[in-house]
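Q: Could you look at this predicted model? Sequence included:
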Amino acid sequence: MIGTFFRLKTRRLKALGILALAAALFLPALSTPPRAQEKTEFSVCWSIYVGWMPWGYLQDSGIMKKWADKYGISVEIVQINDYVESINQYTAGAYDGCSMTNMDALSIPAGGGVDTTALIVGDFSNGNDGIILKDKTALADIKGQNVNLVELSVSHYLLARALDTVGLSERDLTVVNTSDADMIAAYATDEVTSVVTWNPLLSEIEANENATKVFDSAGIPGEIIDIMMVNTDTLAANPNFGKALVGAWYELMAIMASDGDDGIAARTAMAEASGTDLAGYDAQLATTKMFYTPAEAVAFTQSADLPKTMQFVAEFLFDKGILGEGAPSAEFVGVAFPDGSIFGDENNVKLRFDTTYMQMAADGAL
């Protein structure tokens, strides 16, 4: 087997060889996928990250149970501390849905042949990911440096997009694969002069006197997207599953957005579950563009910018050799959008952005 799982409590890792490992583990399941049937018991998984903490609270607070009961089903929400493992378990069919980024959804389940739908587009990184230089103040100063980051993660993607803005490419520097667990200690050494990472590591490193954040994800708004992805066939056979998840999510979003007692209590619980306090969690929310209303999420998902973003992502994945085994081009996997347009192979559509259920929530039809 190729590749190594790194155990993280973030959504960020994309380990080398993960697709080959997934294929070795799950080939029998993916080669002849059974057609989804109607059922009443469902499960989804999630991992620790600011935009995904609501999933744990939905389970603990009973909000999910209330919505599941409304539709005569049960939904279990399971926390998995290893982000990549959560996606692989979803890909293998152990879960009906999983929280993941748009990039990882395209490369792992969709690239592996599992038809997947973006049910809830929850947020995008709007400053949570960034590039820091030591004793330098401009992004162009990164030229010729060793850059420490988690290779093939969204940090790597952010770097590629940032370099485009100053006429540089990865050929102008050297990427040094560095675990997120080692990033702060690495920055403290004289040898490390440039890092790309995410919060809360980003804020902690930026607090150093010799550190300057020269680019962050606010410079590519809407490109690093956090989503609850679900199995397309399961959703089609069980629309009540989608209705219950979406209804529960937006009930909690309304609570979270409030500065009343309920909102503070909910965010405090999420903060504690993620290892910080309310101030720390609210600071992370400030650099996360949360879609607190379904109308916001629908508008974002229907925008003309999303297909462009997914083309950027597909080209990055193809360039790094992680867009499905043997992918001949960046258009290997078809990605469908709400207006019916498709980027990539229309005969191999495996990732779908569908606003149907979010629109139901916006219309009060759940």
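A: Looks like it arrived, so ask away.
Q: how does the chain divide up, domain by domain?
A: Here the domain parsing of the chain from automatic domain parsing is 18-125+223-362, 129-219.
Q: and the longest one, average pLDDT?
A: If I follow you right, that is domain 18-125+223-362. When pLDDT is averaged over domain 18-125+223-362, the result is 92.
Q: about what we covered before: could you dump the domains of the chain to JSON lines with mean neighbour count?
A: Yep, even glycine has a C-beta here, placed from its N, CA and C like the rest. Listed next are those as JSON lines, based on neighbours: other CB atoms under 10 Å:
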{"stretch": "domain 18-125+223-362", "mean neighbour count": "20"}
{"stretch": "domain 129-219", "mean neighbour count": "18"}
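Q: how much space is there between the nearest residue to Ile77 once chain neighbours are set aside and Val147?
A: Spatial nearest neighbour of Ile77, excluding adjacent residues (CB to CB, 6 or more residues apart in numbering): Gln59 at 4.0 Å. Spatial separation of Gln59 from Val147 under the definition CB to CB, to the nearest Å is 38 Å.
Q: try Ile224
A: Where Val147 is concerned, Ile224 sits at a distance of 18 Å (CB to CB).
Q: Ala330 now?
A: Summarising the geometry, the distance separating Ala330 from Val147, computed by CB to CB, is 24 Å.
Q: confidence score at the residue sitting furthest away from the middle of the chain?
A: Relative to the centre of the chain, the most outlying C-alpha is that of Asp190, 32.4 Å out, by CA atoms, centre = their mean. For Asp190, the pLDDT comes out at 96.
Q: same question, Pro200
A: Confidence for Pro200, expressed as pLDDT, is 79.
Q: i'd like the first residue to be 344 from this point on
A: Noted, 344 is the first residue going forward, which turns the last one into Pro543.
Q: Run through the residues that contact it.
A: With contacts defined as CB atoms under 8 Å, 6 or more residues apart in numbering, Pro543 is in contact with 619, 623, 627.
Q: ok, Leu595 touching Ala612?
A: No: Leu595 is not in contact with Ala612 according to CB atoms under 8 Å; the separation is 11.1 Å.
Q: other SSEs contacting the lengthiest helix in the chain?
A: The helix spanning the most residues in the chain, taking DSSP state H as the definition, is helix 582-599. The criterion is 3 or more CB pairs under 8 Å, 6 or more residues apart in numbering; DSSP states H and E, and the helices and strands that helix 582-599 contacts are helix 396-404, helix 406-413, strand 417-422, strand 459-468, strand 568-574, helix 575-580, helix 604-616, helix 699-705.
Q: Figure out which of these is closest to Asp682.
A: Relative to Asp682, the nearest member of those by CB to CB is helix 699-705, separated by 12.9 Å.
Q: just the helices in the stretch 394-543 of the chain please.
A: Taking DSSP state H, counting those that start in this stretch to define them, one finds helices in the stretch 394-543 of the chain at 396-404, 406-413, 426-435, 445-448, 497-508, 526-530.
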